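Enquirer: What follows is a predicted protein model with its sequence.
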Amino acid sequence: MTTTIQDLIDAHPDIPIDLPKETTNTSLDETYNLSPTTLVPENTSPLAIARPQTAAQVAQLVRYASQRGLPVTVRSGGHDAHRRSMASGALVLDIRALNSVRISEDRTRATVGGGITTGALTAVLEPAGLITTYPAVATVGYVGWATTGGYGLLSARYGLGVDQIVGARVVNAKGELVEADSEILSALRGGGAGAWGVVVEMDVRVYENTGPLYGTVSFSSQNPEQDFTSFFQRLQKAQDGNPEYPRDELGVGWLITVDPEFGPVLHSLFSWSSGDHERGYRWRENLRDYGPSSLVSDNVHPMPTTVWQGIVTNMLPKRVYGSARSMTVRRLTEDVLRTIVECMEIMPKDPGVGVVIQQCRGAAQDYHDKNMAFAFRDIPHFMIELVGTPSVPELHDAAEKWSSTLEEKLAQLKDVALGPYTSMTNPSPEGMRKAYGQERWERLVALKKRIDPGNVFRYGFVRVD
């Protein structure tokens, strides 16, 4: 059955529907990444953008699309590295209006709308004295982040984003609003939110907020191979051999950039999630001691999570051009760090370009769903994001060259390289197979074929072309 844009609009008079090339509201078709990526060059011009206001309207739109063979994509925060929500010819469901938050009576769960951003969720939880694992960037869609894997500064204390997912309401490929069963929940825990239907609500774990410390401890270096290697060697030695090293309370992520003023810079994004701030400050001092003497900044102190998210969000460009790649490694060995530093010679000097390092440790190793889609849970590891997304289009090609070169070289380190992170790798079936591993991939593909035989949600992480 064929359809026209006018047919779509006429069939849904109560739902705002815009044509990307005609809308004057640029926030509709502008995502964080403005350029079609090298890996997915076709993501440029969707058929139309619909803005459902309720789960029932989502179901109505999916039924309409399914009956007519229209592919459906879902947009919330719009931070997908490959701009998959804007796939050419697709009906985009912009579900940002689904942003409600309901806290359970026992204060251990929150039911969040499928379109809520991290900042909006934190703004509700924090006044209630609650917190959950989150990404540091406030504009990221929470459901998309959590279903991808969900590394964050509080992961060592509370687990990854996938570990917070305890329930979901999903509009399936038939346009039916259903409660996610255990099989779908396992797929959502690492398989992304866009392949299995439209997640209109998700139940997540929340925790009593103990008033964390946040901040950055940053060093510059004229000899980054020596200084950055020494820093991570001392850090890993403390984690391995110091019984006093905090298993849960201390959360750190790292950002390596080439600053126009300072040159190579290593930023440690610090969080301390217990009320014992004195001990937290001692470990902040230890991090300072691990690095070189050229301290650029140290601004760790108690602050609301909403303020911290605002600081990190403002560190990044508002819009970028390019794509992101990744590699998960067992340890940050000398070879890994040498490879990163060597490639800094061709890294563009831009705030949207850098190496982000996340660690899976502490409570992030204490997972419960052995069937979840997310890979590498049995192995302590570091996930390295190669963020090649400059703030100006003129640096696009240089950033692509840097990130692709670094990814290829890291993948050659067979003794430590495990595979890429699902949201930051080649989105082809072959690329995703490497991210999930063969057994998980086959299981996810079989589920995809069974619950979406018409391939309505064909642009999610698990694609059946």
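Expert: Cool, got the structure.
Enquirer: just checking, Leu337 touches Glu225?
Expert: Yes. Between Leu337 and Glu225 there is a contact under CB atoms under 8 Å: 7.1 Å. For the C-beta atoms, the positions are set from N, CA and C on the backbone; glycine is no exception.
Enquirer: Of these two, which one has the most company?
Expert: Set Leu337 next to Glu225 and count neighbours by other CB atoms under 10 Å: Leu337 wins out with 21 against 17.
Enquirer: give the contact list for Lys401.
Expert: Ile346 (CB atoms under 8 Å, 6 or more residues apart in numbering).
Enquirer: please redo it, this time with the cut-off set to 10 Å
Expert: Lys401 makes contact with 38, 343, 346-348, 388, according to CB atoms under 10 Å, 6 or more residues apart in numbering.
Enquirer: Filter these down to the ones in strands?
Expert: Residues of those located in strands (DSSP state E): Gly388.
Enquirer: ok, so of the contacts of Lys401, who is nearest Ala110?
Expert: Nearest to Ala110 out of the contacts of Lys401 is Gly388 (CB to CB; 34.3 Å).
Enquirer: from what I can see the closest one touches Gly322, true?
Expert: Yes. Judged on CB atoms under 10 Å, Gly388 makes contact with Gly322 at a distance of 4.7 Å.
Enquirer: lowest-pLDDT helix or strand in the chain?
Expert: The weakest-scoring helix or strand in the chain, judged by mean pLDDT, DSSP states H and E, is helix 26-29 (a mean of 60).
Enquirer: Can you get me the start-to-end distance on stretch 208-226?
Expert: 41 Å (CA to CA, to the nearest Å).
Enquirer: Please identify every residue contacting each of Gly388 and Gly322.
Expert: 37-38, 81, 348, 350, 352-353, 395-396, 398-400, 402-403.
Enquirer: Helices - which of those land there?
Expert: Judged by DSSP state H, the subset of those located in helices is 396, 398-400, 402-403.
Enquirer: and Gly388 and Gly322? which has more neighbours close in?
Expert: In this view Gly388 and Gly322 are compared by other CB under 10 Å, and Gly388 has more residues nearby, 32 against 28.
Enquirer: Quick check: chain neighbours aside, which residue is closest to that one?
Expert: Spatial nearest neighbour of Gly388, excluding adjacent residues (CB to CB, 6 or more residues apart in numbering): Ser403 at 3.3 Å.
Enquirer: what's the pLDDT at the one you found?
Expert: Looking at Ser403, its pLDDT is 95.
Enquirer: Next secondary structure after the lengthiest helix in the chain?
Expert: Taking DSSP H as the criterion, the chain has its longest helix at helix 224-241. Downstream of helix 224-241, the first helix or strand assigned by DSSP states H and E is strand 250-259.
Enquirer: Helices along the stretch 251-400 of the chain, start to end?
Expert: Counting by DSSP state H, counting those that start in this stretch, one finds helices in the stretch 251-400 of the chain at the ranges 277-290, 305-315, 334-343, 396-411.
Enquirer: Could I get the contacting residues of Trp161?
Expert: Careful, residue 161 is Gly; it's not Trp. Gly161 is in contact with 132-135, 142-152, 155, 189-190, 204, 364, 374, counting by CB under 10 Å, 6+ apart.
Enquirer: Now it. Its backbone dihedrals?
Expert: phi -60, psi -40 (degrees, to the nearest 10).
Enquirer: Please report the distance of it from Val143.
Expert: According to CB to CB, to the nearest Å, Gly161 and Val143 sit 9 Å apart.
Enquirer: hey, what's in contact with both of these two?
Expert: Going by CB under 10 Å, 6+ apart, residues that sit against Gly161 and also against Val143 are Val204.
Enquirer: which one among the ones in helices among the shared contacts of Gly388 and Gly322 gets closest to Arg169?
Expert: Ser403 (36.7 Å).
Enquirer: Tell me who's in contact with the closest one.
Expert: 38, 322-326, 343, 346-348, 353, 355, 385-389, 424.
Enquirer: Of the residues you listed, which qualify as buried by neighbour count?
Expert: 38, 322-326, 343, 347-348, 353, 355, 385-389, 424 (16 or more other CB atoms under 10 Å).
Enquirer: Gln412 contacts Val329, correct?
Expert: No. Gln412 is beyond contact range of Val329, at 11.8 Å (criterion: CB under 10 Å).
Enquirer: Let me see the contact set for the closest residue to Arg338 other than its chain neighbours.
Expert: Distances taken as CB to CB, 6+ apart place Glu225 nearest to Arg338, at 5.8 Å, with adjacent residues excluded. Counting by CB under 10 Å, 6+ apart, Glu225 touches 264, 334, 337-342, 344.
Enquirer: And the residues you listed, which two are furthest apart?
Expert: The span of the contacts of Glu225, defined through CB to CB, is set by Pro264 and Glu334 at 16.8 Å.
Enquirer: coming back round to it: top of the contacts of Glu225 by neighbour count?
Expert: Of all the contacts of Glu225, Ile340 has the most neighbours under the rule other CB under 10 Å, reaching 23 neighbours.
Enquirer: The nearest residue to it once chain neighbours are set aside and Ser220, how far apart?
Expert: In this structure, Ile340 finds its nearest non-sequential neighbour in Val355, 5.7 Å apart by CB to CB, 6+ apart. Distance from Val355 to Ser220, counting by CB to CB: 15 Å.
Enquirer: Equivalent analysis for Ser423, please.
Expert: Per CB to CB, Ser423 is found 30 Å from Ser220.
Enquirer: Please say which of the two ends up with more neighbours.
Expert: For Ser423 versus Ser220, neighbours defined as other CB under 10 Å are more numerous around Ser423 (23 against 19).
Enquirer: List the contacts of the more buried one.
Expert: Listed by CB under 10 Å, 6+ apart, the contact set of Ser423 reads 79-82, 84, 144-145, 147-150, 192, 324, 326, 385, 435, 461.
Enquirer: From the residues you listed, which land in strands?
Expert: 324, 326, 385.
Enquirer: possible to save the residues you listed as a markdown table with distance to Val170 and pLDDT?
Expert: Shown next, in a markdown table, are those (distance: CB to CB, whole Å; pLDDT from 0 to 100):
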| residue | distance to Val170 | pLDDT |
| --- | --- | --- |
| Ala324 | 27 | 91 |
| Ser326 | 27 | 96 |
| Glu385 | 28 | 97 |
